[in-house]
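J.: below is the sequence, then the predicted model.
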Amino acid sequence: MAGEARGKDLGFLAIGNKVEVTLKTQNSAKFSGLVYTYDKTSNLAVFEEGGIKEPNLRIVNTAAIKSVKLLEEATGEHLGPPQFNQGLVAGRYNQEFERLRNESKEIGQDVSHEAQILFDALAKTYPCAWQGQSILVLGEVKVNPPYTSECVTALPSASESAIAQVKKVVRIPVVSVDWFSFLL
C-alpha cells in the first residue's frame with residue numbers, strides 16, 4: 001500500500017513504516033528510512049536511515065515535514081534499537097577518557113590560583129607537568145613556590161638557555177582576573 005500525506009496529516013509515521021520524507025527547505029530535501037519513533041507531544045520523529053551495518057538516526061521536527069510518502073508498511077516485527085559498532089564506541093570512549101586524564105594532569109593540587117595561571121602560561125609554549133606544588137618545565141627546569149624567577153631551579157641536565165627562557169616567562173606578572181568584580 002503506497003500513499004502520501006501532506007501538511008499536518010502525518011498518519012504514515014507509524015513505527016516500522018518505510019517512508020520517504022520531503023522537508024520544508026528551499027530545495028525540498030528528501031530522504032527515506034524506517035520510522036523509528038514518533039512523539040506527538042514534542043513534535044519529533046526519528047527515522048532510521050542506512051543499512052543494518054551502518055544505521056543513522058535522523059531526528060526531525062515534524063513542523064519541518066512537507067510531506068510523507070509511504071513506501072512500505074511495517075511488517076509488525078519488533079525493530080529494537082539499531083546495532084552500533086561497539087569497537088568504534090569503545091575507541092571514542094577511550095580517546096575521550098585519555099584526553100580528560102591528560103587535562104586533569106594539568107591541574108595542580110593544593111596550588112594557588114596564580115600558580116595555576118603561571119602553569120597554563122608556561123604550558124602554552126613548553127611541555128610542563130606538576131611535581132607536587134612545583135612546576136617541571138621541559139623536564140629539566142623546576143619552578144618552586146612562590147613561583148618567582150628566584151625560585152627557578154635547574155636539574156643537572158638543564159641548559160642555560162632553557163633556564164633563561166623559563167625565568168623570562170616567570171618574570172611576567174601573573175594577572176589574576178576577579179570575575180566577580182564584573183558582576184557588581
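T.: It's in. Numbers count the residues shown, from 1 in each chain.
J.: which strand of the chain spans the most residues?
T.: Among the elements of the chain assigned as strand by DSSP state E, the one spanning the most residues is strand 30-39.
J.: list the buried ones in that one?
T.: With burial defined by 16 or more other Cβ atoms under 10 Å, the residues of strand 30-39 counted as buried are 33, 34, 35, 36, 38. For the C-beta atoms, the positions are set from N, CA and C on the backbone; glycine is no exception.
J.: redo the residues you listed as a markdown table? Include pLDDT.
T.: Formatted as a markdown table, the entries for these read as follows, by pLDDT from 0 to 100:
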| residue | pLDDT |
| --- | --- |
| 33 | 90 |
| 34 | 89 |
| 35 | 90 |
| 36 | 87 |
| 38 | 89 |
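J.: if I pick residue 155, what's in contact with it?
T.: Contacts here follow Cβ atoms under 8 Å, 6 or more residues apart in numbering; on that basis residue 155 touches 139, 140, 141, 142.
J.: and these, which of them are buried?
T.: Applying the neighbour count, that is 16+ other Cβ under 10 Å, the buried entries in these are 141, 142.
J.: for the following helix or strand past the longest strand of the chain, output the C-alpha coordinates as PDB.
T.: Towards the C-terminus, the helix or strand next in line after strand 30-39, according to DSSP states H and E, is strand 44-49. The C-alpha trace of strand 44-49 is given here as PDB (Å, rounded to 0.1, in the frame of the first residue of the first chain):
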ATOM      1  CA  LEU A  44       9.600  14.900  16.900                       C
ATOM      2  CA  ALA A  45      10.000  11.900  14.600                       C
ATOM      3  CA  VAL A  46      13.100   9.700  14.500                       C
ATOM      4  CA  PHE A  47      14.000   7.900  11.300                       C
ATOM      5  CA  GLU A  48      16.500   5.100  10.800                       C
ATOM      6  CA  GLU A  49      18.400   5.500   7.600                       C
END
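J.: okay, now the sheet partners of strand 44-49, with direction.
T.: The partner list of strand 44-49 in its sheet, established with DSSP bridges, is strand 30-39 (antiparallel), strand 56-61 (antiparallel).
J.: skip the chain neighbours and tell me the closest residue to residue 72.
T.: The spatially closest residue to residue 72, leaving aside those adjacent along the chain, is residue 18, at 3.9 Å (Cβ to Cβ, 6 or more residues apart in numbering).
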